[in-house]
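Asks: here you go, sequence then predicted model.
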Amino acid sequence: MLILDAGGGSGYWSKKFVKLRYEVLLLDFLWHMLKLAKKK
C-alpha cells in the first residue's frame, strides 16, 4: 500500500509507516525539511 505524507516535515510519521512495511511518498514545501527527512 502507498501512503502519501503531504506536509510530512521531518518524516516523523513516514518513518513509522515504513517500519510497518508501507511504501511512503513524503511531500513538503520546505526543501530543508525534505533534506532532514532524507537523513532519517
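Replies: Looks like it arrived, so ask away. Numbers count the residues shown, from 1 in each chain.
Asks: in the protein, which spans are helices?
Replies: Remark: helices assigned in the chain by DSSP state H are 12-19, 31-39.
Asks: mean pLDDT for those helices: which is lowest?
Replies: Of all the helices of the chain, the minimum mean pLDDT falls on helix 31-39 (a mean of 86).
Asks: how far does that one sit from its chain's centre?
Replies: 9 Å (Cα atoms, centre = their mean, to the nearest Å).
Asks: restricting to C-alpha, output it in CSV.
Replies: Below are the C-alpha coordinates for helix 31-39, written out as CSV (Å, rounded to 0.1, in the frame of the first residue of the first chain):
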residue,chain,number,x,y,z
TRP,A,31,13.3,21.9,1.0
HIS,A,32,15.3,21.8,4.2
MET,A,33,12.6,19.6,5.8
LEU,A,34,12.9,17.2,2.9
LYS,A,35,16.7,17.1,3.4
LEU,A,36,16.1,16.4,7.1
ALA,A,37,13.6,13.6,6.4
LYS,A,38,16.0,12.0,3.8
LYS,A,39,18.7,11.8,6.5
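Asks: ok so, going back, any chance of the helices of the chain in JSON lines, with distance to Leu25 and mean neighbour count too?
Replies: (C-beta placed from N, C-alpha, C; glycine too.) Shown next, in JSON lines, are the helices of the chain (distance: least, Cβ to Cβ, whole Å; neighbours: other Cβ atoms under 10 Å):
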{"stretch": "helix 12-19", "distance to Leu25": "9", "mean neighbour count": "14"}
{"stretch": "helix 31-39", "distance to Leu25": "11", "mean neighbour count": "12"}
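Asks: including distance to Met1, could those go into a markdown table?
Replies: Below are the helices of the chain laid out as a markdown table (distance: least, Cβ to Cβ, whole Å):
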| stretch | distance to Met1 |
| --- | --- |
| helix 12-19 | 9 |
| helix 31-39 | 20 |
